[in-house]
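next come a sequence and a model predicted from it.
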Amino acid sequence: MRIEEFRFCPKCGAALNQSAGTTPVGAPSVVTCGACGTTFQQSDFASGVPVPLPATGGNRNPLALFAVAVIAAAMLFFGFHAARRSGSTPLITKASAAPDFTLESLDGKSLRLSDLRGKAVLLNFWATWCGPCKIETPWLVELQNQYGSQGLQVIGVAMDDSGKEDIAKFAKDMGVNYPVLLGKEAVGDAYGGIPALPESFFIGRDGKIVDKIIGLKGKGEIEDSIKKALDTEAAKNEASAQTMRENGPVQR
């Protein structure tokens, strides 16, 4: 009896031996794919439905193993963050009140977010090792210059383990013109866990989140979100009240 083998591995699609020929007595009872290392029972080829057996260690394809490792790592990473989000980590959405916090700045002073009420705040979570953050930071510098007079305040929160000196050097090299705070995990958790860097929250003058951007987006998209934050009515009234407190009532 002749047993025709599969021309291609049913698991990975790699080419197998074209024909097993006449099966002699004592012939091997299994066929192993040289590409993915999957082993099939040779007797099952006669029925046309090969059943895979556990692959042997010596024939595994390094590329296939690497792909499996990458997929497993990605599943663990996103599963970890999903578990955190489904647990005690709050879900931060548009129109949510921005969680208040107090963090130390690079100059040793404490900054409280609620003290900026009346301004539009771009709260940017970043890290010195983050490549996309290095692309985005010069845009934030330019936008602070452009919209600062209209009430914008960019705040950078460094979410990495680098020392204060390294963060300060990064800020200096980038020409950062806005406060940089030393981040804490608790603050990141308060804003939903920060699944990726950079991540920015756009807070209106009334202290509510009007938009957020995860990852690197275009400068134009960031600018559009800044305009949304600046265009919140409540803090315009607050800004007017602050002006009156500082300068006194307008004389008619």
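That came in fine, so what should we check first? Numbers count the residues shown, from 1 in each chain.

let me know the secondary structure of the residue nearest to residue 215 when sequence neighbours are not counted.
Distance criterion Cβ to Cβ, 6 or more residues apart in numbering; nearest residue to residue 215, sequence neighbours excluded, is residue 196 at 5.3 Å. C-betas here are computed from N, CA, C, even on glycine. The three-state assignment at residue 196 reads coil, by DSSP: H, G, I helix; E, B strand; the rest coil.

residue 196: neighbour count?
Neighbour count for residue 196, taken as other Cβ atoms under 10 Å: 12.

residue boundaries of the strands in the stretch 151-252 of the chain?
Along the stretch 151-252 of the chain, the segments classed as strands by DSSP state E, counting those that start in this stretch run 152-158, 180-182, 199-203, 209-214.

could you dump the ones you listed to CSV with mean pLDDT and distance to residue 166?
Formatted as CSV, the strands of the stretch 151-252 of the chain follow (pLDDT from 0 to 100; distance: least, Cβ to Cβ, whole Å):
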stretch, mean pLDDT, distance to residue 166
strand 152-158, 98, 9
strand 180-182, 97, 11
strand 199-203, 97, 21
strand 209-214, 96, 25
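
wait, what's in contact with the nearest residue to residue 158 once chain neighbours are set aside?
In this structure, residue 158 finds its nearest non-sequential neighbour in residue 167, 4.8 Å apart by Cβ to Cβ, 6+ apart. Residues near residue 167 by Cβ atoms under 8 Å, 6 or more residues apart in numbering: 106, 128, 158, 160, 180, 182.

one step back: closest to residue 34 out of the strands of the stretch 151-252 of the chain?
For residue 34, the closest of the strands of the stretch 151-252 of the chain is strand 209-214, at 42.7 Å, according to Cβ to Cβ.

would you mark the buried spots in that closest one?
209-213 (16 or more other Cβ atoms under 10 Å).

ok, that strand: who's next to it in the sheet?
Strand 209-214 sits in its sheet next to strand 199-203 (antiparallel), going by DSSP bridges.

low-confidence stretches in the stretch 1-150 of the chain?
Along the stretch 1-150 of the chain, segments meeting pLDDT under 70 span 1-31, 35-36, 38-94.

residue 147: neighbouring residues, count only.
Neighbours of residue 147 (other Cβ under 10 Å): 19.

could you dump the buried residues of strand 209-214 to TSV with distance to residue 141?
Rendered in TSV, the data for those read as follows (distance: Cβ to Cβ, whole Å):
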residue	distance to residue 141
209	23
210	22
211	20
212	20
213	17
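
so the residue nearest to residue 215 makes contact with residue 214?
Yes: in this structure residue 196 lies within contact range of residue 214 using Cβ atoms under 8 Å: 5.4 Å.

sounds good, over and out.
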